[in-house]
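Peer 1: With the input below, show me the fold.
(one chain, ligands or ions: 2)
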Amino acid sequence: MEQHSEEAPGPAEQRPAGPIRVGQALGEALVDLGVGTFFGVLGSGNFAVTRAAVQAGARFFHARHECASVCMADAYARVSGRVGVATVHQGPGLTNAATGLAEAAKAGTPLLLLAAATSASAVRSNFRIDQGAVAVALGAAHERVASPETAVEDLQRAYQRAVVERCAVLVDLPLDVQAAALPTAAVPAPAPVELLAPAPAPEAVSAAADLLAASRRPVVIAGRGAVVAGAGPALEALAARIGALLATSANGHGLFSGNPFALGIAGGFAAPTAAALLREADAVLAVGASLNMWTTRHGSLIDPAARVVQVDLDPRAIGAHRRVELGVVGDAARSAQAIDAELARRGHRATGARSDELAARIAAGRWRDIAGANIAGAEMAGAGINGAATEADPLGRIDPRTLSIALDELLPAERTVVVDSGHFMGWLAMYLDVPDAAGFVFPQAFQSVGLGLGAALGAAVARPDRLTIAALGDGGLLMSLGELESAVRLALPLLVVVYNDAAYGAEVHHFALQGQPVDLVQFDDVDFAALGRAAGGEGATVRTVEDLAAVSRWLPRRERPLVVDAKIRPDIVAEWLAEAFTAH
Ligand SMILES: Cc1ncc(C[n+]2csc(CCOP(=O)(O)OP(=O)(O)O)c2C)c(N)n1
Ligand SMILES: [Mg+2]
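Peer 2: Ligands and ions are numbered 1, 2, ... in the order given. Below is the predicted model of the structure:
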């Protein structure tokens, strides 16, 4: 994906004569770097920079909480492939942003967080904290604008780090430096960031080709690294040559959408057919995927005898979560192309397990078919699945699987599905199709509840041509409620779907399994439709599939966000959660 192309006009031409302040120069430099869209919460400390960038042509999206502003930038980066940029006030602006920054850092999102910082001399300022220590503690890189002479260069260096190291960078903008006059000689031309993706070593390519050519049932598991490298087509071509089945990590979801031999997400969200086929593989080609416990279902999805090749840009990722036989260091797309070319040179072509029957089995073995049959079967036989009560829910709540399947059918295929954290998240990963990898935003590297709504706002800014669905738990929405107002104010026509079990469901199921009382994590029901209306959006309460008619009516207009308060049955436990707790 493109990471640094021009998006907005160059520096502001109508700059007033005379010296300008460093703060203003930094805002203009941001636009010079190609930043056309950024996010934040304004205070006095970051006002000058923000105003200058806006005057120079950048679009600024104001959040209501700094955490959400960073989540907006993070999701914008994930969906657009550009650097995400957010700006906050010094001190509490930064501490409010901390959880979002940790998410971006853990997920390896290229992100710049421009935080004002107290002046060097303001040692008694209420706002003063060690901002660098905060960044380091959260796993983010730390840069600062050091002097008026170097300020623009310092910003460029921080931006370059975000691109080259694919990391989250906190940039301190001290108020005294911002307020100083810019020495006229100090503005160097912005250095273009040119990155040629590294090719793998020929020996590694040859060894990978040997291993894959010897395999009878290979699978490819592609992760976020494959998405970022745009490796989807090259991997599909390689997989066709070696007869491999395709799967992704949760963060690669959508990369192989539409391929008849794609098994979907490997890991806890995998349907039984997909899981069985993964276990049958005698060779695994992991590409830009760490093979962590989530992707391998605590190791159980990969046959211990399977031979594993792992391709990653970062040598530190190779073998980090499980032993692999061969590590290939290189760009995902170039590695896939090189291995494919090597096998073509050798005249290798195999069908592996691929057949029309297998494609039909994969298509019929998706969760929605199983759930459809199970739900109907359970209702007929009076026998529950997953220990769920079988009779109609006494409170008239909807089965979350039924809800998810109905949404999948109802919503346009051109969609971006953004998912918060919680028990409910599996229903989205398991039941909703996405058009491609940019259509699925799954900020789970810090496993924080409450980041989904902010992320959905950033995704909606990045892809206004697609319907953005913010899939949230009731707990997650109540942690980020103020951003409903942002969605309305910024005229971002989100569909907010609240999987409302009136509980911290993940914790309920966790502790119920241990036989503990769970009333501490169960709450009174909240009327989210009313909250949606109060924020200036629309609201609908859903207890049955028929109630989704409100969504059908909203879809063609989509002027304002719609908050769907789906009162879901709290007693249906997702397979992935039960499995995760047992594995622990
Ligand atoms: C910021 C944060 N606080 C607490 C947790 C622990 N936690 C994990 S899931 C969860 C419940 C979330 O509730 P909700 O959003 O309603 O989703 P549900 O699990 O009910 O589907 C909690 C509190 C966390 N992961 N992150
Ligand atoms: Mg809940």
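Peer 1: Quick check: residues of the chain near ligand 2?
Peer 2: Residues of the chain found near ligand 2 (C-beta under 5 Å from the ion) are Gly473, Asp474, Gly475, Asp501, Ala503, Gly505. For every residue, glycine as well, the C-beta is placed using N, CA and C.
Peer 1: Give me the neighbour count for the spatially closest residue to the fifth one that is not a sequence neighbour.
Peer 2: Excluding its sequence neighbours, the residue lying closest to Ala503 (C-beta to C-beta, 6 or more residues apart in numbering) is Gln522, at 4.5 Å. Residues contacting Gln522 under the criterion other C-beta atoms under 10 Å number 15.
Peer 1: again, but for His62
Peer 2: His62 has 14 neighbouring residues, counting by other C-beta under 10 Å.
Peer 1: For it, name its beta-bridge partners.
Peer 2: Judged by DSSP bridges, the bridge partners of His62 are Gly40.
Peer 1: So the residue nearest to Ala503 versus Glu507, what's the distance?
Peer 2: 9 Å (C-beta to C-beta, to the nearest Å).
Peer 1: Same check on Val551?
Peer 2: Val551 sits 29 Å away from Glu507, going by C-beta to C-beta.
Peer 1: now do Ala98
Peer 2: Separation of Ala98 from Glu507 (C-beta to C-beta) stands at 22 Å.
Peer 1: Remind me what the helix or strand hosting Thr99 packs against, helices and strands.
Peer 2: Taking DSSP states H and E as the definition, one finds Thr99 inside helix 92-107. Contacts defined by 3 or more C-beta pairs under 8 Å, 6 or more residues apart in numbering; DSSP states H and E place helix 92-107 against helix 66-80, strand 84-88, strand 111-117, helix 131-138, strand 168-174.
Peer 1: Pull out the buried positions in the fourth one.
Peer 2: In other words, helix 131-138. Buried residues in helix 131-138, defined by neighbour count with 16 or more other C-beta atoms under 10 Å: Gln131, Gly132, Val134, Ala135, Leu138.
Peer 1: Would you mind putting these into a markdown table with pLDDT alongside?
Peer 2: Formatted as a markdown table, the buried residues of helix 131-138 follow (pLDDT from 0 to 100):
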| residue | pLDDT |
| --- | --- |
| Gln131 | 98 |
| Gly132 | 98 |
| Val134 | 98 |
| Ala135 | 98 |
| Leu138 | 98 |
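Peer 1: Would you confirm that Val308 belongs to a helix?
Peer 2: No: under DSSP: H, G, I helix; E, B strand; the rest coil, Val308 falls outside any helix and is assigned strand.
Peer 1: ok, how many other residues are close to it?
Peer 2: Counted with other C-beta under 10 Å, Val308 comes out at 21.
Peer 1: With the one 5 residues further on instead?
Peer 2: By other C-beta under 10 Å, 19 other residues sit near Leu313.
Peer 1: need the contact list for it.
Peer 2: Residues near Leu313 by C-beta atoms under 8 Å, 6 or more residues apart in numbering: Ala197, Pro198, Gly225, Ala229, Gly288, Val329, Gly330, Asp331, Ala332.
Peer 1: Can you tell me which of these are buried?
Peer 2: The neighbour count (16+ other C-beta under 10 Å) marks Gly225, Ala229, Gly288, Val329, Gly330, Asp331, Ala332 as buried among these.
Peer 1: What distance do you get for the first one to Val329?
Peer 2: For Gly225, the distance to Val329 under the criterion C-beta to C-beta works out to 12 Å.
Peer 1: which residues do these two both contact?
Peer 2: Residues touching both Gly225 and Val329 by C-beta under 8 Å, 6+ apart: Asp312, Leu313.
Peer 1: who touches stretch 208-220?
Peer 2: Here stretch 208-220 makes contact (C-beta under 8 Å, 6+ apart) with 200, 235, 238-239, 242-247, 263, 277-278, 280-287, 307, 309, 311, 325-326, 328, 335, 339, 342-343, 346, 348, 350, 352-353.
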